[in-house]
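Asks: sequence unknown, structure follows:
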């Protein structure tokens, strides 16, 4: 089973660090998002099912992420920027697509 690239692991670790310092009202991320961030940050092996879930999460939230970028938002503000980073985005997107090619 593959391990996420270092870029995605670093983003997830940074997101976890930022999140813990934010007030509860701005701590984006569900239990699943936190579990995913820990998997990525720890360099855990990722199953095919997990890769598919990452791809699906990105597909659902990428447009909102792009809007937040255009508005100049950052992970420190919480919301979609932080949630996406917990999933290793943007560093994980092309890697996941490559891993799922032909599957």
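Replies: Done, it's in. For clarity, every value in this text was computed on a predicted model and none was experimentally measured.
Asks: Test my guess that residue 68 contacts residue 78.
Replies: No: using Cβ atoms under 8 Å as the test, residue 68 is too far from residue 78 to be in contact (10.3 Å). Every residue, glycine included, has its C-beta placed from N, CA and C.
Asks: Angles on the backbone of the one residue sitting closest to the centre of the chain, please.
Replies: Central residue of the chain (Cα atoms, centre = their mean): residue 87, 1.5 Å from the mean position. Main-chain dihedrals, residue 87, degrees, to the nearest 10: phi -90, psi 10.
Asks: ok, which stretches of the protein are helices?
Replies: 6-21, 31-42, 48-70, 79-86, 93-100 (DSSP state H).
Asks: so residue 36 makes contact with residue 86?
Replies: Yes: under the criterion of Cβ under 8 Å, residue 36 makes contact with residue 86 at 6.3 Å.
Asks: which of the two has more neighbours?
Replies: residue 86 (28 against 24; other Cβ atoms under 10 Å).
Asks: circling back to that earlier point, Throw the helices of the chain into CSV and include mean pLDDT, thanks.
Replies: Shown next, in CSV, are these (pLDDT from 0 to 100):
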stretch, mean pLDDT
helix 6-21, 96
helix 31-42, 96
helix 48-70, 96
helix 79-86, 96
helix 93-100, 95
